[in-house]
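Undergrad: Return atomic coordinates for the entry below.
(one chain, ligands or ions: 1)
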Amino acid sequence: MVFRSGFCSLVGRPNAGKSTLTNALVGSKIVITSDKPQTTRHAVRGIVTRDDAQLVLVDTPGLHRPRTLLGERLNDVVRSTLAEVDVVGFCVPANERLGPGDRYIAAELAALRAPVVAVVTKTDVASKRQVAEQLLAVTGLGDEHGGFADVVPVSAVAGDQIDLLAGVLAGHLPEGPLLYPDDVTTDNDTESRIAELVREAALEGVHDELPHSIAVTIDEIRRRESGLQEVFATIHLERDSQKGIVIGFKGSRLKHIGTTARRGVEALLGEKVHLALHVAVEREWQRDPKKLDRLGF
Ligand SMILES: Nc1nc2c(ncn2[C@@H]2O[C@H](COP(=O)(O)OP(=O)(O)OP(=O)(O)O)[C@@H](O)[C@H]2O)c(=O)[nH]1
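TA: Numbering: from 1, shown residues only. Below you'll find the model as predicted:
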């Protein structure tokens, strides 16, 4: 039997379902998802190990036309990531018509050496007819750009065709050995996973521009003499007005964020954790190269 291994990147416009699909493929929660666009800031790797292949997934932020400096950096990250992967999964939701965003991405992908597998996502929220029409539309879009290697409909939420997709993606990898031990599902470091859990909790139920303005840094992780694990994190915002939203009446929302995030961190570390959150306003951090550097972008 031939064993294959290599890297795969899932791309698609914001909200296309990339993070959820990554989680479904990997089978454990490693990437934050949210119903707000552009919540994925870091390229997080998930690792799918099968009998016949090992697929290392690089989850990328939404590929979109740059608006702010942050947007430009995201696209740089996306482009340099894409140049290195062996196969690309281009995600398009089954329940939304193809738009300019999809066309823009399809045109970008045509320049890559890697084969592109089109993935029609969220089939559980589309009718059979909608799915069939989307498969045709996506195939047509591919034909305008030299053709997609495969077109696969999936539902990450219902778990439909996820295994099949993993097999299709793996089939496009070169022959090669295991790149990571077979019991590893992610090589993302603990610190950034904790930061993501805090950010995810802070984003919960927020209905405005806030998601684009939140970054989380981990200031310190230390063990008290009593043995209790302590984590100190800062939530960075862009404007004073956002502070009220995050902190809430008499600190109630911040407390809720802390409780939610702590549960996730405890599950991640497998022990009780004391999580201390601090909120800081960094004016216009998205547009300031120095601040972007400091926040790790
Ligand atoms: N019903 C259904 N919803 C889905 C499915 N996959 C994703 N979603 C939802 O679609 C929304 C966006 O999913 P994400 O996985 O965060 O999308 P993304 O492409 O990573 O988004 P960005 O990080 O903004 O680029 C979330 O509310 C998901 O719960 C699916 O298979 N079925």
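
Undergrad: Is the ligand within reach of stretch 148-165?
TA: Yes: shown here: stretch 148-165 in contact with the ligand (C-beta under 6 Å from any ligand atom) through Ser155, Ala156, Val157. C-beta here means a position set from N, CA and C on the backbone, and glycine is covered the same way.

Undergrad: Compute the first-to-last residue distance for that stretch.
TA: This stretch, stretch 148-165, spans 14 Å end to end (C-alpha to C-alpha, to the nearest Å).

Undergrad: host element of Leu165?
TA: helix 162-171 (DSSP states H and E).

Undergrad: Give the buried residues for that helix.
TA: For helix 162-171, a neighbour-count test (16 or more other C-beta atoms under 10 Å) marks Ile162, Leu165, Ala166, Val168, Leu169, Ala170 as buried.

Undergrad: what's the burial count for Ser127?
TA: The local packing of Ser127 (other C-beta atoms under 10 Å) involves 11 other residues.

Undergrad: Phi first, then psi, for it.
TA: phi -80, psi 160 (degrees, to the nearest 10).

Undergrad: In the stretch 101-250 of the chain, where is pLDDT below threshold?
TA: Within the stretch 101-250 of the chain, the stretches with pLDDT under 70 are 183-189, 207-213.

Undergrad: so what are the domain limits for the protein?
TA: Annotated domains of the chain cover 4-171, 190-294 [automatic domain parsing].

Undergrad: possible to save the ones you listed as JSON lines with distance to Pro181?
TA: Formatted as JSON lines, the domains of the chain follow (distance: least, C-beta to C-beta, whole Å):
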{"stretch": "domain 4-171", "distance to Pro181": "9"}
{"stretch": "domain 190-294", "distance to Pro181": "17"}
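
Undergrad: and the stretch 151-297 of the chain, which residues reach the ligand?
TA: Ser155, Ala156, Val157.

Undergrad: What is the neighbour count of the residue of the stretch 151-297 of the chain found nearest the ligand?
TA: Taking C-beta to the nearest ligand atom as the measure, the stretch 151-297 of the chain has Val157 as its residue closest to the ligand, at 3.5 Å. For Val157, the neighbour count with other C-beta under 10 Å is 15.

Undergrad: cool, Gly248 as well?
TA: So Gly248, with other C-beta under 10 Å, has 13 neighbours.

Undergrad: pretty sure it is touching Leu254, no?
TA: Yes: the pair Gly248 and Leu254 passes the contact test of C-beta atoms under 8 Å, sitting 6.1 Å apart.

Undergrad: quick one: the strands in the stretch 51-200 of the chain?
TA: Assigned by DSSP state E, counting those that start in this stretch, the strands in the stretch 51-200 of the chain fall at 53-59, 87-93, 116-121, 150-153.

Undergrad: Could you say which of the ones you listed is packed most deeply?
TA: strand 116-121 (a mean of 27; mean count of other C-beta atoms under 10 Å).

Undergrad: ok, Ala201 - contacts?
TA: Neighbouring residues of Ala201 by C-beta atoms under 8 Å, 6 or more residues apart in numbering: His256, Ile257, Gly258, Thr260, Ala261, Gly264.

Undergrad: Those in helices, which ones?
TA: His256, Ile257, Gly258, Thr260, Ala261, Gly264 (DSSP state H).

Undergrad: State the distance from Thr49 to Leu55.
TA: Noted for Thr49: a distance of 8 Å to Leu55, by C-beta to C-beta, to the nearest Å.

Undergrad: what's the answer for Asn15, then?
TA: In this view, Asn15 and Leu55 are 23 Å apart by C-beta to C-beta.

Undergrad: Then Ala126?
TA: The value you get for Ala126 to Leu55, if C-beta to C-beta is used, is 26 Å.

Undergrad: and if you look at Gly147?
TA: 22 Å.

Undergrad: Equivalent analysis for Ser19, please.
TA: Look at Ser19 and Leu55: by C-beta to C-beta, they are 16 Å apart.

Undergrad: can you give me the angle the helix holding Leu165 makes with strand 116-121?
TA: 170 degrees (axes from the mean of the first three to the mean of the last three C-alpha atoms, to 10 degrees).

Undergrad: Need the contact partners of helix 162-171.
TA: 4, 8, 21, 24-25, 48, 50, 52-53, 55, 87, 89, 117, 119, 150, 152, 154, 156.

Undergrad: Quick one: residues contacting Val281.
TA: His236, Leu237, Glu238, Arg239, Asp240, Gln242, Lys243 are the contacts of Val281 under C-beta under 8 Å, 6+ apart.

Undergrad: Mind listing the residues bridging to the nearest residue to the fourth one once chain neighbours are set aside?
TA: In space, and not counting its chain neighbours, Arg239 is closest to Val281: 6.6 Å by C-beta to C-beta, 6 or more residues apart in numbering. Taking DSSP bridges, one finds Leu237 as the beta-bridge partners of Val281.

Undergrad: Kind regards, and thank you for your time.
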